[in-house]
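Participant: quick one, what's the 3D model for this:
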Amino acid sequence: MRSLHFKLFWRYALLIFSLSAVFMLLLYHIMGNEFRSNAQGELQADCDNISTLLDTQVEQMDQLSKRIVDSRQLRALFLEDNYSGDADSYYHKNDFSNALFDIIRLSFDHLKLNMFDMSGRFIHVGDSSIFKYQEPESITGVPWVEPALEIHGKKLLLAPRIPELNTVSEPVLSLVRAFAPENPVKETAILELQMEYSYIENKIADAIH
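Facilitator: So this is what the prediction gives:
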């Protein structure tokens with residue numbers, strides 16, 4: 001009798017152990033799938049947030065660039081003598097700066113601007129403003145200038161890089177657009193809007209935390 005009870009006990013114990021093992025394996029499988037699903041969902045959400053963020057930043061730069069190159073006043077002032085050291089040049093620079101900031105207002109955080117043409121006119125607006133003539137060869141040698149002119153006023157987005165035309169050592173993301181300051185059917189000048197890449201990195205870091 002004791003031997004029978006002992007056998008029944010071990011059979012029940014083995015059955016319970018087997019059921020417990022199966023339950024734990026099922027639970028592990030279910031929880032593993034749930035964790036993987038949650039991780040994939042979080043990764044997808046992060047990717048969506050980053051994509052939306054970048055699309056928004058590029059769209060804002062695009063709209064701002066259109067407002068700048070569509071300004072008749074700004075295009076006319078760009079052709080004035082902003083580049084010498086005489087009194088008239090000083091007033092022209094002031095008029096250009098006022099017209100530009102009337103357009104950009106508060107939209108210029110973390111941005112810099114280059115406006116130049118193939119004759120050598122060059123304006124930089126960032127932490128400071130620079131108005132100067134430079135050798136046309138230094139402009140035509142920039143690799144994205146010709147492609148920007150060839151697409152006749154459409155935007156061209158440049159990958160992050162060290163900028164070619166202003167002395168900044170930090171990488172930037174640029175949106176460039178050719179425009180026609182004189183002949184309305186011939187683009188001979190280019191606007192470059194630069195966004196600091198470190199600013200984008202910080203935005204991305206915020207988006208995934």
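Participant: from here on, just use CA atoms for contacts and neighbour counts.
Facilitator: Noted.
Participant: could you pull out the helices in this protein for me?
Facilitator: 2-69, 72-79, 87-104, 136-140, 145-150, 197-207 (DSSP state H).
Participant: and the residue nearest to residue 146 when sequence neighbours are not counted, how far from residue 188?
Facilitator: Leaving aside its sequence neighbours, residue 146 sits nearest to residue 140 (CA to CA, 6 or more residues apart in numbering; 7.3 Å). In this view, residue 140 and residue 188 are 11 Å apart by CA to CA, to the nearest Å.
Participant: neighbour count: those two, which is higher?
Facilitator: Comparing residue 140 with residue 188 by neighbour count (other CA atoms under 10 Å), the higher total belongs to residue 188, at 18 against 15.
Participant: so who does the more buried one touch?
Facilitator: 117-118, 149, 178-181 (CA atoms under 8 Å, 6 or more residues apart in numbering).
Participant: at 10 Å instead, please
Facilitator: Residues in contact with residue 188, defined by CA atoms under 10 Å, 6 or more residues apart in numbering, are 116-119, 149, 152, 178-182.
Participant: what's around the closest residue to residue 136 other than its chain neighbours, how many residues?
Facilitator: Spatially, and ignoring its direct neighbours in sequence, residue 136 is nearest to residue 120 (4.8 Å; CA to CA, 6+ apart). The tally of other residues near residue 120 (other CA under 10 Å) stands at 17.
Participant: surely residue 120 and residue 190 touch.
Facilitator: No. In this structure, residue 120 is not within contact of residue 190 by CA atoms under 10 Å, at 11.4 Å.
Participant: now do the shared contacts for residue 140 and residue 188.
Facilitator: 117-119.
Participant: Produce a ChimeraX select command limited to the buried residues of the contacts of residue 188.
Facilitator: To isolate the buried ones among these in ChimeraX, judged by 16 or more other CA atoms under 10 Å, type:
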select :116,117,118,149,152,178,179,180,181
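Participant: what about the nearest residue to residue 203 once chain neighbours are set aside, distance to residue 80?
Facilitator: Nearest residue to residue 203 in three dimensions, chain neighbours excluded: residue 53, at 7.8 Å (CA to CA, 6+ apart). Using CA to CA, we find residue 53 at a distance of 38 Å from residue 80.
Participant: picking that back up, in this structure the residue nearest to residue 146 contacts residue 164, no?
Facilitator: No. Between residue 140 and residue 164 no contact is recorded; they are 11.5 Å apart, counting by CA under 10 Å.
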